[in-house]
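> Predicted model and sequence below, questions to follow.
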Amino acid sequence: MSRVTEMDWHAWHDGYDEPGTRLARRLAAVQEQIRVALDAAPPGPLHAVSLCAGQGRDLIGALARHPRGADVTARLVELDPRNAAAARDAAAAAGLPGVEAVTADAALTDQYAGLVPAYLVLVCGMFGNMTADDIRRTIGFCTQLCAHGGTVIWTRHRQEPDQVPRICNWFAEDGFALVWVSDPAEGWGVGAHRFTANPVPLERRARMFRFIRRPPALFYPERAGRVPPRTTEVRLGRPPGRVPAPGPPPTRRSGCVS
């Protein structure tokens, strides 16, 4: 059993509303790579999935201003019900009926059944909140989530140890060609990789990762009187292919760097 630091992922989004901040600039970079992928997309319907989607500002913001937005059927998976509700409201306001936001554990592969392999896979705001072993493991699962010719877009902070070069190498090992990676001088990392191999069938009932930060205890009216535990135990599914098993439990950390 491992202890994880609580983080208010709803309040975390406030940084997007401050122009010129690193978070706002990173969001703009992610949206630009989504637009690049859509510009290169084949004609016809497209699928997209977003893991730990938060309020969906990256995908929804890009689709709302792109001529291919109506062609996209997307599933945003987010554990915080406040963020999921904000994403649903944003999709409705943008006129994107093909975008759904579900309140669920994004680490479980079953959440993406029926929509993968997808042309767009967003793994944003995640890699800074898990161990290196789980980053590698999640990249391995991207071979199940992403369609041939599709694009995975991810983010990671540049604090030491800077994992961005390793992440790029791990994607290359699994058949992803680098499309773009942000300048290290920005202080944040965004990468886009196109899948050149054939997708692997989705492994059902598997867990791709675990966070070393979790949201604070939330109040659910239907669960009044029940208090979520302060610690969590996660059982990991069988890793796909060459992906290593997770390492030892991480140490307790504070703050949010993703």
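Cool, the structure landed.

> At which residues are the strands of the protein located?
Taking DSSP state E as the criterion, the chain carries its strands at 5-6, 46-51, 72-78, 99-103, 118-123, 146-157, 176-181, 188-195, 213-214.

> Let me have the ones you listed in JSON lines, extended by mean pLDDT, mean neighbour count and distance to residue 85.
Where you see a C-beta, it was placed from the backbone N, CA and C, and this is true even at glycine. Converted to JSON lines, the strands of the chain look like this (pLDDT from 0 to 100; neighbours: other C-beta atoms under 10 Å; distance: least, C-beta to C-beta, whole Å):
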{"stretch": "strand 5-6", "mean pLDDT": "54", "mean neighbour count": "14", "distance to residue 85": "20"}
{"stretch": "strand 46-51", "mean pLDDT": "98", "mean neighbour count": "25", "distance to residue 85": "15"}
{"stretch": "strand 72-78", "mean pLDDT": "98", "mean neighbour count": "24", "distance to residue 85": "9"}
{"stretch": "strand 99-103", "mean pLDDT": "98", "mean neighbour count": "20", "distance to residue 85": "8"}
{"stretch": "strand 118-123", "mean pLDDT": "98", "mean neighbour count": "26", "distance to residue 85": "19"}
{"stretch": "strand 146-157", "mean pLDDT": "98", "mean neighbour count": "23", "distance to residue 85": "23"}
{"stretch": "strand 176-181", "mean pLDDT": "98", "mean neighbour count": "16", "distance to residue 85": "32"}
{"stretch": "strand 188-195", "mean pLDDT": "98", "mean neighbour count": "23", "distance to residue 85": "26"}
{"stretch": "strand 213-214", "mean pLDDT": "60", "mean neighbour count": "20", "distance to residue 85": "19"}
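
> Next, format those as a markdown table and append distance to residue 167.
Listed next are the strands of the chain as a markdown table, based on distance: least, C-beta to C-beta, whole Å:
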| stretch | distance to residue 167 |
| --- | --- |
| strand 5-6 | 22 |
| strand 46-51 | 15 |
| strand 72-78 | 21 |
| strand 99-103 | 26 |
| strand 118-123 | 10 |
| strand 146-157 | 6 |
| strand 176-181 | 9 |
| strand 188-195 | 7 |
| strand 213-214 | 19 |
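
> I figured residue 148 hits residue 175, correct?
No: using C-beta atoms under 8 Å, residue 148 is not in contact with residue 175, being 9.2 Å away.

> Before I go, just wanted to say thanks for your time.
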